[in-house]
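Peer 1: Would you be able to build a 3D model of this:
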Amino acid sequence: MGKKFLLCAAAVVGVIVISPDLQKELKDKSQQVYWMIMENIRTETNETTSKLGVSEENDEMYYYRSQLSVKDQDTYDQILEGIQEHDPSIKVSDTDTQKVSDITKEVLYDHPELFWVDAQEFEVQTQRSLIGYSNVYMTYPYSAKEAEAMQTEIDAAADVILGKVAQQTDTYDKIKAAYDSMIELVDYDIDAPDNQTIYSVFAAKKSVCAGYARSFQYLMQKSGIPCMTVFGDAGGDPHAWDLVSLDGTYYYVDPTWGDPVFLNDNREEVKDVHDIYYDYFLCGSEKITQTHTADPDMMLPTCSVEDFI
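Peer 2: Okay, here's the model as predicted:
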C-alpha cells in the first residue's frame with residue numbers, strides 16, 4: 001500500500017511539471033504584466049511633469065535631461081519627483097546600476113533648487129528579478145518643513161535680483177543684471193556653511209565657487225535662460241563655474257572670479273559695483289581653457305570659441 005501511494009504521488013508530481021510551451025506562455029504573460037506596469041509608471045510620470053517643471057517645451061532649460069532617451073527621461077523624472085517629495089528610497093524602473101547613478105547626478109546637475117539633498121551622498125541598489133528595478137537611496141540634511149522655511153529665505157533675496165533681471169529686455173542685459181546683482185549680494189567665504197548650495201548665497205550671503213555657480217544657474221533658469229554649472233578645477237584647485245546660452249550660443253561665466261572679495265587678498269575690503277570684474281563674463285572656450293579644466297566626465301554643450309564681448 002505504501003509503495004502504491006508513493007508511486008501515485010510521483011505520478012502527480014510528474015503531471016505538474018511545466019512544459020516548454022507553458023513556460024513560454026507564462027513568460028509572455030509576465031512580460032505583458034511588466035509592460036503594463038511600465039506603462040502605468042510612464043503615465044503617472046507624464047502626469048507629474050508639469051509639477052516637476054520639466055516638459056518637452058522647456059527641455060532646453062535642463063540640458064542633461066534633453067540628452068537622454070525617452071526611457072531614461074522616465075527614470076530622470078522618477079528620481080526628480082522622489083527628491084522633491086523627500087523620499088529616502090526612490091524606486092525606478094531600470095536595472096542598470098551605473099546608468100541610474102549617472103542619471104541621478106544629472107538630475108542634481110540640472111536642478112540647483114534642490115539644495116536640501118546631499119548631492120555627494122546617494123546609493124543605488126538594483127533588484128534583478130522577473131520585474132527588475134533599482135532603489136536610489138538619498139540623504140536629506142534638512143526635513144521638508146526645514147527646506148520650506150529655507151526656501152522662503154532664498155526667495156526673499158532671489159526675487160529682488162529676479163525683479164531687476166525682468167526689467168531688462170535684452171538677453172545680454174538680463175545675464176549681466178543677474179551677474180552684477182548676485183556678486184553685490186554675496187561675499188566669498190571658504191568657511192561659509194552650506195557653501196555648496198544656493199542657500200549660502202541667497203540666505204547667508206557668504207559662499208564659495210559652487211554656491212556662486214549654482215546660484216547663477218538658478219537665477220538664469222528662473223529667468224528662462226538655459227544655464228548649467230560646470231565642475232572641474234582652476235589653478236589646480238577644485239572649482240565651479242557656468243555655461244549660459246545667449247541667443248542660442250553658449251558662453252562661459254565665472255561669477256566667483258568676478259567677485260573682488262575673492263580676487264583681493266584683503267577679504268575685509270568693502271565692495272562697490274565698480275569693483276566687479278568681467279574677465280570671465282561671457283568668455284569663449286579659447287580663453288577659459290587657459291585657466292579652467294572641466295571634469296572630463298561632464299557632458300557639456302558646444303561653446304563659442306570667441307568671447308562675446
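Peer 1: which residues in the stretch 101-250 of the chain form helices?
Peer 2: Assigned by DSSP state H, counting those that start in this stretch, the helices in the stretch 101-250 of the chain fall at 144-166, 171-185, 198-199, 209-222.
Peer 1: What is the first one packed up against?
Peer 2: Yep, that's helix 144-166 we're talking about. Where contact means 3 or more Cβ pairs under 8 Å, 6 or more residues apart in numbering; DSSP states H and E, helix 144-166 is packed against helix 171-185, helix 198-199, helix 209-222. Quick note: C-beta positions are derived from backbone N, CA and C, even for glycine.
Peer 1: Tell me which residue is most central in this protein.
Peer 2: With distances taken as Cα atoms, centre = their mean, the residue of the chain nearest its centroid is residue 108 (2.1 Å).
Peer 1: hang on, that residue packs against residue 120?
Peer 2: No: using Cβ atoms under 8 Å, residue 108 is not in contact with residue 120; the gap is 9.6 Å.
Peer 1: before we move on, back to that, what would the helices of the stretch 101-250 of the chain look like in JSON lines with mean neighbour count and distance to residue 65?
Peer 2: What follows is the helices of the stretch 101-250 of the chain, written out as JSON lines (neighbours: other Cβ atoms under 10 Å; distance: least, Cβ to Cβ, whole Å):
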{"stretch": "helix 144-166", "mean neighbour count": "15", "distance to residue 65": "22"}
{"stretch": "helix 171-185", "mean neighbour count": "20", "distance to residue 65": "22"}
{"stretch": "helix 198-199", "mean neighbour count": "26", "distance to residue 65": "19"}
{"stretch": "helix 209-222", "mean neighbour count": "26", "distance to residue 65": "12"}
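Peer 1: could these be laid out in JSON lines, adding mean pLDDT and distance to residue 127?
Peer 2: Formatted as JSON lines, those follow (pLDDT from 0 to 100; distance: least, Cβ to Cβ, whole Å):
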{"stretch": "helix 144-166", "mean pLDDT": "97", "distance to residue 127": "27"}
{"stretch": "helix 171-185", "mean pLDDT": "97", "distance to residue 127": "44"}
{"stretch": "helix 198-199", "mean pLDDT": "97", "distance to residue 127": "34"}
{"stretch": "helix 209-222", "mean pLDDT": "97", "distance to residue 127": "33"}
